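Undergrad: just to be clear, the model below is a prediction. Sequence and coordinates:
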Amino acid sequence: MSKKIHEGGKIYGRLRVLAEADTLPKKKGTHVRWLCVCVCGRRVVVPGYKLRQGQWSCGCYRNQKTAARMTAINKRKAERKADRKERN
């Protein structure tokens, strides 16, 4: 059985670990889950191994990146449409 890694107070990307939430059983040992708060204010419960592997947001970062990408795509589409109108 491996030792529990204490994550309390640490910051992983946009997530700040507040406290231990609970423990989930697995085939060998347990998964310790941590209560975290994101910079957007949302509270999430994340397994410790996910924090160490790179889950560093509640999902808000992905949503922001998608919105920015879609805005850029829509802007390019509008520019192309305007160019086509000018040519005609």
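TA: Cool, the structure landed.

Undergrad: CA only for contacts and neighbour counts going forward, please
TA: Will do.

Undergrad: and the spatially closest residue to residue 35 that is not a sequence neighbour, which of the three is it?
TA: Excluding the flanking residues, the one nearest residue 35 by C-alpha to C-alpha, 6 or more residues apart in numbering is residue 45, at 4.5 Å. Following DSSP: H, G, I helix; E, B strand; the rest coil, residue 45 is assigned to strand.

Undergrad: which residues touch the lengthiest strand in the chain?
TA: Counting by DSSP state E, the longest strand found in the chain is strand 15-25. Taking contacts as C-alpha atoms under 8 Å, 6 or more residues apart in numbering, the residues outside strand 15-25 that touch it are 7-11, 30-39, 45, 56-58.

Undergrad: again, 6 Å this time
TA: 8-10, 30-38, 56-57 (C-alpha atoms under 6 Å, 6 or more residues apart in numbering).

Undergrad: inside strands: which ones of these?
TA: 30-38.

Undergrad: ok, and the most crowded of those?
TA: Top of the ones in strands among the contacts of strand 15-25 by neighbour number is residue 36, holding 29 neighbours under the definition other C-alpha atoms under 10 Å.
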